[in-house]
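A.B. asks: Structure of the sequence below:
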Amino acid sequence: MLESLASFDELTLGQQFEFGSFSLNQAEIIAYAEKFDPQPFHIDPEAAKAAPLFGGLVASGLHTMGACFGLIMGSGLFRAISLGGSEVNTRWPAPLRPDETITVAGAVETLKPSRSKPEMGVVVMRYTGTRLADETVVIEMTATHFFKR
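C.D. replies: Got it, this is the predicted structure:
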C-alpha cells in the first residue's frame, strides 16, 4: 500500500507511481464477462479460438479497466484527497489472456488548481497496464481526477 497523499499540492508534473500487479484467471474472466460483457471470446474458450482478432479467450477490456482501477484506488495513494473524477479515455492495444500478469503504473500529466473551487485541483493521470512477460502494453487510460488541496 502506498502512503496516502495529503493534498493535490504534493503532486508534480511527470511524477510517477507504481501500483503493483494483478492477473485474472480463466474463471474470473468468464464470470465477469457472463454478467457484463457476454461475447464469445470472453465467455467460451472453444468459441474464442475462432475469434479472428484474438484466437483464444481474452479478458473483457472493461474487466481489465476495472481491475486496474481497483489496484490504483486500493493502493491508498489517493484515499485522503480523492473527490471523484469526470472522465477516463481508454485504449486496449493488446489483449489480456488468462493468468497473464500486468503491472500498473501512473504518471501525472497535468495539474490545474481550480479557479472556481480553490479547495480543489484537477489532475490528469496517464495509467498503463503492461504485460510482465513481454512488456506489451495491454491498457492505457487517461483519467481526470478532482483532488483536495
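
A.B. asks: roughly how far is stretch 30-50 from the heart of the chain?
C.D. replies: Per Cα atoms, centre = their mean, to the nearest Å, the displacement of stretch 30-50 from the mean C-alpha position of its chain is 21 Å.

A.B. asks: I'd like the average pLDDT over it.
C.D. replies: Taken as a whole, stretch 30-50 has an average pLDDT of 97.

A.B. asks: likewise stretch 93-101?
C.D. replies: For stretch 93-101, the per-residue pLDDT averages 98.

A.B. asks: so Ala143 touches Val124, yeah?
C.D. replies: Yes: look at Ala143 against Val124 with Cβ atoms under 8 Å: they come within range, at 7.1 Å. For glycine as for every other residue, the C-beta is placed from the backbone atoms N, C-alpha and C.

A.B. asks: Outside of whichever strand or helix holds Gly129 itself, list whatever touches it.
C.D. replies: Here Gly129 sits within strand 120-131, counting by DSSP states H and E. Here strand 120-131 makes contact (Cβ atoms under 8 Å, 6 or more residues apart in numbering) with 8-9, 11, 64, 68, 72, 83, 94, 96, 100-114, 136-149.

A.B. asks: In helices, which of those fall?
C.D. replies: 64, 68, 72 (DSSP state H).

A.B. asks: Let me know the closest of these to Gly20.
C.D. replies: Nearest to Gly20 among those is Ile72, at 9.2 Å by Cβ to Cβ.

A.B. asks: The residue lying closest to the closest one once chain neighbours are set aside: what's it in contact with?
C.D. replies: Spatial nearest neighbour of Ile72, chain neighbours left out: Phe19 (5.1 Å); criterion: Cβ to Cβ, 6 or more residues apart in numbering. Contacts for Phe19 (Cβ under 8 Å, 6+ apart) come out as 2, 68, 71-72, 75, 77, 103-106.
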